[in-house]
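> Structure of the sequence below:
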Amino acid sequence: MTLVVSDISSHGIVMVGDSAVTLKYQNKIEIISDALKINYSKRLNIGVALWGYASIGKDRLDYWIDSFLKNYNESDVDIEAFGEQLAFELNSILSKSGLTWSDMVCGIHLTGFKGDLPCLYHIHCGHANEPSHELRLYHDFPEDKNWDLKYFKQILDNGFIHLRNGFHPLFGPLFDSILEYSKSLKINLNISFPLNNLQSRFKFYKLLVKFVAGVLPISGIVPSVNDKLSAIAFTKDGLKIDERLPLIRNTEKGDSNMKCYF
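The predicted structure follows:
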């Protein structure tokens, strides 16, 4: 399990994720902390957040994504074409694994800009109310909501939109409670939490992900979310905050039957 959150607003895009990797072999489980679940391409001005099944052939999803971002050759950057190609190439590898799609449920938050407005897409294996299937690109915000650009801009100007995956059952109630706490701070103490800017939203999401990571060990739950985070914030003009962890490839060959999960 993991926790990744991707947020869009009038200020730009924030993406935050932990670094825990759950390794499963037969009845054994090991957790390490070296995943790069948040990555970004300066050339494409596109961000990705990774969750779920992470064994991609003989590679690991974050290693594979890093290479894909560096080697993507289209000069005319179109986030939809990028997402479709990403899903196609991953499906080509995963379909040869011999596993069912329900065994390989995973997803990728995909963020970028169309004109001046941010968009938040999601490549995944199906919604909770449908059988698992191959990876498909979903245009969550704004297209799948059937919002015209004027209405979408109004939402961004007056608030925010985010996706969260992994340990979202813990994150969701926390986030709702924090919004109420934020309202109380404003009413009673005239404190704005977070402030209405990109840097503050960036710190806000880091704080919440770290809080969830702290809940697990205190509650006696396997710490499959940790507080060693990768996080970025960017606008249509490029990267503004870069706190990605270094990508360190583990060159030791593990058992071929061991599976990785973010």
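> Sketch out the helices for this protein, chain order is fine.
61-71, 79-94, 149-158, 168-189, 198-218 (DSSP state H).
> do you know which of those lies nearest C125?
Closest to C125 of those, according to CB to CB: helix 79-94, at 9.4 Å. All C-beta atoms are positioned from the backbone trio N, CA, C, and that covers glycine.
> Contacts made by the closest one with the rest, please.
With CB atoms under 8 Å, 6 or more residues apart in numbering as the test, helix 79-94 has contacts from 44, 46, 56-57, 64, 68, 72, 74, 101, 104, 108, 110, 112-114, 119, 121, 123, 134-137, 139.
> Check stretch 125-137 too.
Against stretch 125-137 from outside (CB under 8 Å, 6+ apart): 52, 80, 83-84, 86-87, 90-91, 94-95, 100-102, 104-108, 110, 121-124.
> Would you write out the ChimeraX command that picks the buried residues out of these?
Selection of buried members from those for ChimeraX, criterion 16 or more other CB atoms under 10 Å:
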select :52,83,86,87,90,91,94,101,104,105,106,107,108,110,121,122,123,124
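> any idea how far P246 is from the most centrally placed residue in the chain?
Compute the mean C-alpha point of the chain, and by CA atoms, centre = their mean the closest residue is A49, 2.8 Å away. Distance of A49 to P246, computed by CB to CB, to the nearest Å: 17 Å.
> do S92 as well
For S92, the distance to P246 - CB to CB - is 29 Å.
> Looking at these two, which is more packed in?
Shown here are S92 and P246; by other CB atoms under 10 Å, S92 has more neighbours (11 against 7).
> Per-residue confidence, that one, what does it come out as?
S92 is assigned a pLDDT of 98 by the prediction.
> The closest residue to L247 other than its chain neighbours and D242, how far apart?
With sequence-adjacent residues excluded and distances taken as CB to CB, 6 or more residues apart in numbering, L247 is closest to L36, at 4.6 Å. Computed with CB to CB, the distance linking L36 and D242 is 12 Å.
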